[in-house]
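> sequence first, then the predicted structure:
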Amino acid sequence: MIVVDTSAWIDFFRGRSPLAEKLSLLLERDEVALPVPVRIEILSGAKRTERARLQRVLSALPVLYPTEASWRRMEDWVVAGATAGQRFGVGDLMVAALAVEHGCTLWSLDGDFGRMARLKMVALAEP
């Protein structure tokens, strides 16, 4: 299972190849999980006229929700990141924590996740 970050979804919705083709294939294979922060980011950036369709499309995916353990993991990562001279946003930390907790790799075009991977916080997917 692969967690797809907002950055990759944006390129997918814009039809940018080969990313759009790769994500389409993953979707057909039911290999994509959707962290709730990514779902909210997608819907909040959607045009009003597209929001209902997007809600229906995204509802077909398994949605990952944070637990108390998610917040503890994020807090641990904040400390580990700061020790290594790195800082991460709450949204990125949440997406990464949900990926790890559900045994997923993470696909993103956002360099912050690359920095997290270098600190062994998350495994990145290479679809």
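In hand now; what should we look at?
> the residue nearest to the spatial centre of the chain: what's it in contact with?
In the chain, the residue lying closest to the centroid (Cα atoms, centre = their mean) is Asp5, at 2.9 Å. Going by Cβ atoms under 8 Å, 6 or more residues apart in numbering, Asp5 touches 38, 95, 106-110, 113. In this view, the C-beta of every residue, glycine as well, is placed from N, C-alpha and C.
> filter those down to the buried ones.
Neighbour-count burial (16 or more other Cβ atoms under 10 Å) is assigned, among those, to 38, 95, 106-108, 110, 113.
> ok, the residues you listed vs Pro62, which is closest?
Among the buried ones among the contacts of Asp5, Val38 lies closest to Pro62 (Cβ to Cβ), at 12.2 Å.
> who are the contact partners of the closest one?
Counting by Cβ under 8 Å, 6+ apart, Val38 makes contact with 3-6, 9, 95.
> next: Met116.
Taking Cβ under 8 Å, 6+ apart as the test, what Met116 contacts is 77, 81, 88, 92, 96, 122.
> quick check, nearest of these to Leu34?
For those, the nearest to Leu34 is Ala96 (14.3 Å; Cβ to Cβ).
> what secondary structure does the closest residue to the closest one other than its chain neighbours sit in?
Sequence neighbours aside, Val122 is the residue nearest to Ala96 in space, at 4.2 Å (criterion: Cβ to Cβ, 6 or more residues apart in numbering). Under DSSP: H, G, I helix; E, B strand; the rest coil, Val122 falls in the coil class.
> do I have it right that Val122 meets Ala99?
Yes - with contact defined as Cβ atoms under 8 Å, Val122 reaches Ala99; the gap is 5.8 Å.
> if we can go back for a sec, quick check: pLDDT value at the residue nearest to Ala96.
Val122 is assigned 97 on the pLDDT scale.
> contacting residues around the longest helix belonging to the chain?
Criterion DSSP state H: the longest helix present in the chain is helix 68-83. Outside of helix 68-83, the residues within contact range by Cβ under 8 Å, 6+ apart are 87-88, 90, 93-94, 96-98, 100-101, 116, 119, 121.
> appreciated, that's everything.
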